[in-house]
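Chemist: Predicted model and sequence below, questions to follow.
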Amino acid sequence: MSSGIRFDSVSVAYGKNVVLDGLDLTVEPGEVMALLGPSGSGKTTALRAVAGFVRPASGRVFIGDRDVTSLPPHRRGIGMVVQQYALFPHMRVEENVAFGLKAQKVARAEIPGRVADALSMTGMAAYAKRFPRELSGGQQQRVAIARALAIRPGVLLLDEPLSALDAQLRSGMLAELARLHRELPDVSILYVTHDQVEALTLADRIAVMDRARLQDCGTPQELYRRPRNEFTASFVGNANLLPVSVGVGSVSLGGAEVKVDTGEVAAGVSATLCVRPHLVGLGPGPNALAGTVTEVQWRGATHRLYVDVDGQSVKADLRELRKPPSLGEEVTVHFAPEDAVLLSAGVTHD
Amino acid sequence: MGVGVAARRPPRARLSVPLALVVQQSVQPDTGGTSLQPYSDVFASESFREALGTTVWLAVGATVGCLVLGFALALVIAFVPFPGGKAVAKFIDVFLSFPSFLITLALLFIYGTKGMANGMWTGATGAGGDGPFQFLTTPWGVLLAEITYFTPFVMRPLLAAFSQIDTAQLEVASSLGARPLRVVRKVILPEALPALAAGGSLVLVMCLNEFGIVLFTGAKDVTTLPMLVYSKAMLESDYPAACVVAVVNIAISVGLYGLYRVVSRRAGA
C-alpha cells in the first residue's frame, strides 16, 4: 500500500490559540518528510492531525486519495512511534507487536509470521518473550517501531522518536531508520523533530515550522545551502547572519564592500548576509574582513572563533589550529562569494 | 457495632483489648465455665447460617456492582474530557467522608415508602395507598444503597491508576486500529487490575461489616452478621452468641483486610 499525505490548508486552534495556521504540504508516496521546528512551532500538531488525535478547525487531511479529516484514528491505517515508546507494559514484546494485527482482525494463522518478520526487521527477534520493562530504551524503541510496521502501514508517523535516547544510541538508530526506509520504499514517513541533524540525515525533504506556520520546505541541501529566510538559515545548521546594505551592484557590510550574488534582492534595501561558520576562513582571501578575536573555543576537531567585525560577531569554525589566535588579536577572516546567501529582510515563505 | 468499628482501626493496642474481651466472652456460656458450646449452638442455628449467607452474597454483590459501576465512572472521569470533570473527581473525595447512613437516608427520601418517587406516583395517578417503589426494604434495596455508597471507594484507587497510564499508549493503540472498547479491554483494564483488586477487597471488607445501611433501609428481613450481633446482644441479651457471631465477622474481615493490604501494596496504592 503506497499512500502519501496531503495537508490542504489545515488549521488547528485551541480556543483562540492557533497552533497550526493554514498548513499546505504534500508528502509524496515513499518520501521521508521531516517536520523541523522548535517547540510550539505546530509540528507535532500537524502529525496529530494526520493521526486523528486533533480535529482541524478548517482544511482537509488526505492519506493517499482518501479524505481522512473526519475519520476516527482506528480507521486511518497509520503506524505511529512516539518519543516515550508507549509500549503496553503488561504485554510481552511479541504481544505488543501483535496488538495491531489482532485489532485489524488479521487471520490468526498469519499473525506469528508477521510478528516475527517485524521483530527481525528491527533486530529484536531474540527478545520476543521479554516484557518492556526488561528492555533498554533503545530496545523499547525498536519494539515500538516493529509494532508500527507490523500492520504494514502506508504512512508511518514518527514523533521525536529518538529524543529519549542518548547521543550515541541516537546516531545508531538514525542509521537503522534509514535502512528500514530503504527496505520499505513505499512507506511515507512524517518525521517530527527539533533536531536538525536527524532531519538533515534522514529526510528527503524538510518542512521548517515556526510559530504555527510553515516557514520553508525543500531538500536538506536546498535548505542548508540556499535558505530562503533567516529562521531557516539559523535553524537548519549554524549560520552567521550579518546585516548588510545593498546598493546597485554592491553590498556593504559595515565599512567593507563584499562581493555576493544579490539575486532577487533589490538595491537600496537592508538585507541579511548568511554565511555558514565552517565556510569562513582565517587570513586574507576574497571578501576579507578585519576584526578582533573576542572568543576562542577548542572543540576537538575544530576551533570556533568569534571575531568582532565592525560591531558584528562573526563565527568561524576552523580545522583545529596549531596556533590559535589569542583574545584581542587583530585577524582577517574571509569567505568565498558563492558560499554566501543574501536574504532580504522580512521575506517569509508563504 | 463497637466491635466492628474497632476492627477497622489498625493500632494494635486499641484493637486487641475489646477483641480479647469479645473472644473471651464467646467461650463463656451463661451456664458458667469455659466451653465451645456457644460456637456449636450458633453454628447450628438457622438464623446464623442465613445471616452468613445474606452477608456474603450482599457483600459480594455490592462489590461486583461497585467494581463495574466504579470502573465505568472512573473511565469517563479520567479519559472523557467534559466540563466540570475535575470538580466531579474532587467531589468523590468529599463523598468518601460522608457517613453511610446519609446515603441511605437520601435513598429513603427518594425511593422510600413515603419518598418522593412514590409521592409523585400517587400524586400523578391519584391512586390511594403506597406507590410502586417498595424495593428499598428488600435485600435489593440494601444492595443499591451499598453500591451507591461504596462505589467511590473503588473509584479512588482507579483514578489514581488511570492517571498513571500514559495517554500515548491509548493513542498508539487506536492508531494501530483498536476501537475504543478494545483499548479499554486490552490496554486500560489490565493496567487497572491491581487497583480494581485493591478497591474491590476494601469494599468487600466494608460491606461485610456494614451496619448503618442495613439498619436505615429498614429492611427487617435482611439480617447480616453485624445485624445479628446487634439483635443477639441488644434484643436477646445473649452475649456469648453475639460474641461468637462477632468473632466470625472479625475473622472474615481481618482475613480480607490482610488480603487487601497485600494486594494494595503490590498495586502501590
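Modeler: Happy to help now that I have it.

Chemist: what sits against A:Q84?
Modeler: Counting by C-beta atoms under 8 Å, 6 or more residues apart in numbering or on different chains, A:Q84 makes contact with A:A164, B:D166, B:A168. In short, each C-beta sits where N, CA and C put it, glycine included.

Chemist: Can you check the pLDDT for the residue nearest in space to the middle of chain B?
Modeler: With distances taken as C-alpha atoms, centre = their mean, B:C207 lies nearest the centre of chain B, 2.8 Å away. Each residue has a pLDDT score; the one for B:C207 is 90.

Chemist: What's the separation between it and chain A?
Modeler: Distance, B:C207 to chain A, using C-beta to the nearest C-beta, to the nearest Å: 29 Å.

Chemist: residues touching the closest residue to chain B within the stretch 151-300 of chain A, list them.
Modeler: Of all residues in the stretch 151-300 of chain A, the one sitting closest to chain B is A:I151 (6.0 Å; C-beta to the nearest C-beta). With contact taken as C-beta under 8 Å, 6+ apart, A:I151 is in contact with A:G77, A:G79, A:G100, A:L101, A:Q104, B:L176, B:G177.

Chemist: Filter those down to the buried ones.
Modeler: A:G77, A:G79, A:G100, A:L101, B:L176, B:G177 (16 or more other C-beta atoms under 10 Å in any protein chain shown).

Chemist: Whatever helix or strand the third one lives in vs chain B: in contact?
Modeler: This points to A:G100. Taking DSSP states H and E as the definition, A:G100 sits inside helix A:93-103. Yes. Helix A:93-103 lies within reach of chain B by C-beta under 8 Å from any C-beta of the partner chain, at A:F99, A:G100, A:A103.

Chemist: What parts of the stretch 51-200 of chain A come near chain B?
Modeler: A:51-53, A:72-80, A:82, A:84, A:86-90, A:99-100, A:103-104, A:144, A:147-148, A:151, A:157.

Chemist: Among these, which lie within strands?
Modeler: Using DSSP state E, the subset of those located in strands is A:I78, A:G79, A:M80, A:V82, A:L157.

Chemist: Can you get me a residue count around residue 126?
Modeler: No chain in the question, so chain A it is. 10 (other C-beta atoms under 10 Å in any protein chain shown).

Chemist: wrong chain, I was asking about chain B
Modeler: Residues lying near B:G126 (other C-beta under 10 Å) number 6.

Chemist: Would you list the phi and psi of it?
Modeler: Reported as degrees, to the nearest 10, the phi and psi values for B:G126 are phi 70, psi 10.

Chemist: Can you give me the pLDDT of whatever residue of the stretch 51-200 of chain A ends up closest to chain B?
Modeler: Distance from chain B to each residue of the stretch 51-200 of chain A (C-beta to the nearest C-beta) is smallest for A:G100, at 3.3 Å. Looking at A:G100, its pLDDT is 95.

Chemist: so what's it up against?
Modeler: For A:G100, the contacting residues are A:G79, A:R147, A:A148, A:A150, A:I151, B:L176, B:G177, B:A178, by C-beta under 8 Å, 6+ apart.

Chemist: Quick check: buried residues in the helix or strand containing A:E176?
Modeler: Here A:E176 sits within helix A:167-183, counting by DSSP H and E. For helix A:167-183, a neighbour-count test (16+ other C-beta under 10 Å) marks A:L169, A:R170, A:M173, A:L174, A:E176, A:L177, A:L180, A:H181 as buried.

Chemist: Quick check: chain neighbours aside, which residue is closest to the fourth one?
Modeler: Just to be clear, that refers to A:L174. Once flanking residues are discounted, A:L174 sits nearest to A:T201: 5.5 Å by C-beta to C-beta, 6 or more residues apart in numbering or on different chains.

Chemist: Correct me if wrong: that neighbour contacts A:E176.
Modeler: No. Checked against C-beta atoms under 8 Å, the pair A:T201 and A:E176 is beyond contact range at 11.6 Å.

Chemist: In the stretch 1-150 of chain B, what residue comes closest to chain A?
Modeler: Per C-beta to the nearest C-beta, B:P81 is where the stretch 1-150 of chain B lies closest to chain A, at 12.0 Å.

Chemist: Neighbours of that residue, how many?
Modeler: Using other C-beta under 10 Å, B:P81 has 8 other residues around it.

Chemist: Need the three-state assignment for it.
Modeler: Under DSSP: H, G, I helix; E, B strand; the rest coil, B:P81 falls in the coil class.

Chemist: That one and B:V88, how far apart?
Modeler: According to C-beta to C-beta, to the nearest Å, B:P81 stands 12 Å off from B:V88.
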